[in-house]
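Q: Let me see the structure of the following:
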Amino acid sequence: MRKIYLDNASTTFPKPKEVAEAVYHYMTQVGSNVSRGGYDNAYRTEELVYETRQNLTDLFNAPDCKNVIFTKNITESLNIILKGFLHPGDHLLVSSMEHNAVMRPLVQLRQKNISFTRVPCSHNGTLDVNDLAKYLQPNTRLVVMTHASNVCGTVLPIEKVGHFCQEHNLKFVADTAQTAGVWPIDMQKMHIDALAFTGHKGLLGPQGIGGFILHEDMIEKIEPLISGGTGSISHMEEIPHFMPDRFEAGTMNLPGIIGLNAGLNWLKQTTCSAVKQHELMLTQYFLDGIASLNNENILIAGRRDISQRTGVVSIQVKNREIAQLAYELDDKFGIMTRVGLHCAPSAHKTLGTYPQGTIRFSFGWWNTREDIEAAVNALEILTKER
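A: Next up is the predicted model:
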């Protein structure tokens, strides 16, 4: 049975062959750390790390490549930014579509007298930027927001949010987990003060690598969460004040960074716009396919078109238990999806799919129209009235 991978919102698969080749070459032919070796392989590895920072700077139109910080994932990045920037008595705004990578740190920060307001989104996940002003408080310092929902694919208007933050003297943190590498993101045009990214989704790198990028005036405002050896100013026990060493301590995930760099180079050649166009074509094909079934039991969460959305479609089925349905999609048809709440209960409450959750179909560069047809045909068979 042919396997069809439709879980690209969790992690893209397969990766470009260049990614695997770059990681393999590093692991078998290089293997050295950076800032910890006085030999050619170490210097070459450092050049590749610098190249990766520059590629990310170019992709996001970031202010300076030294302000690109590597972490193990976007969750760590958001924790560093939020816990390092906010102080007792501070207030911030979030959307009601946020992932737990944002919400759990914020709920945890309540213990330090840091509060947040959840700005309601519509039933299809869209946000009206005009609503933000209603929830401002005198102590509001920050807005943190996902660029697109991992549940239903709805894209939030982060450029307008960035302008709102600039007008109200607020800092803006953008979670780009679902859009980096697919949707255009411009830190300067969108007035993003801190951008968090992960490497294993749209950027096509391996798991275990992510990071964040800071605007210059954010650097001293964020207290580092982790400290330790950096390979620089080793005669001192204080945390370096300069970038990127201020936030990068310990041995870096160099196989991950080098794999990420290969993914970024692949994206430059293929172009993000081509990836976006392909994924949205498949999304429209899938939505049209579901509509053609004329099955009132299949309920789509979020938008019903491809306007302002990513290649993610979540469904519920009235007459079926979704976990069993997801199992049968894989077991009988080889179709791999994700089922449940997708680490985003707030989004599901907004969409009206809580607590049952959804089956999520998410499309990537290597998916084809034949994959979509197979998924629709499987749904037709599995959702017939019993």
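Q: residue ranges of the strands in the stretch 51-200 of the chain, please?
A: 68-71, 91-95, 115-119, 140-146, 171-175, 194-198 (DSSP state E, counting those that start in this stretch).
Q: Could you check the angle the third one makes with strand 140-146?
A: By that I understand strand 115-119. Strand 115-119 runs at 50 degrees relative to strand 140-146, counting by axes from the mean of the first three to the mean of the last three C-alpha atoms, to 10 degrees.
Q: The fifth one now?
A: For strand 171-175 and strand 140-146, the angle between their directions (the same axes, to 10 degrees) works out to 20 degrees.
Q: The strands of the stretch 51-200 of the chain into a markdown table, with extra columns for mean pLDDT and mean neighbour count?
A: For the C-beta atoms, the positions are set from N, CA and C on the backbone; glycine is no exception. As requested, the strands of the stretch 51-200 of the chain are exported to a markdown table (pLDDT from 0 to 100; neighbours: other C-beta atoms under 10 Å):
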| stretch | mean pLDDT | mean neighbour count |
| --- | --- | --- |
| strand 68-71 | 98 | 25 |
| strand 91-95 | 98 | 23 |
| strand 115-119 | 98 | 18 |
| strand 140-146 | 98 | 23 |
| strand 171-175 | 98 | 27 |
| strand 194-198 | 98 | 29 |
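Q: so Val151 touches Ala344, yeah?
A: Yes - between Val151 and Ala344 a contact is recorded at 5.2 Å, counting by C-beta atoms under 8 Å.
Q: what residues are shared contacts of those two?
A: Met97 (C-beta atoms under 8 Å, 6 or more residues apart in numbering).
Q: between these two, which one's more packed in?
A: The neighbour comparison of Val151 against Ala344 (other C-beta atoms under 10 Å) goes to Val151, with 30 against 25.
Q: mind checking how far the more buried one is from Lys349?
A: Using C-beta to C-beta, to the nearest Å, one obtains 11 Å as the distance from Val151 to Lys349.
Q: per-domain residue ranges of this structure.
A: The chain breaks down into these domains under automatic domain parsing: 4-14+272-382, 17-270.
Q: pLDDT averaged over the shortest one, what's the number?
A: Right, the one you point to is domain 4-14+272-382. What domain 4-14+272-382 shows for mean pLDDT is 97.
Q: ok, how many other residues are close to Tyr285?
A: When counting by other C-beta under 10 Å, one arrives at 20 neighbours for Tyr285.
Q: my guess is it contacts Asp371, does it?
A: No - in this structure, Tyr285 is not within contact of Asp371 by C-beta under 8 Å, at 9.6 Å.
Q: in terms of contact, does Glu46 touch Val30 like I think?
A: No - between Glu46 and Val30 there is no contact under C-beta under 8 Å: 11.1 Å.
Q: which residues do these two both contact?
A: What both Glu46 and Val30 touch, as defined by C-beta under 8 Å, 6+ apart, is an empty set.
Q: Now do the buried residues in stretch 17-33.
A: Using 16 or more other C-beta atoms under 10 Å as the burial criterion, the residues of stretch 17-33 that qualify are Glu18, Val19, Ala22, Val23, Tyr26, Val30, Ser32.
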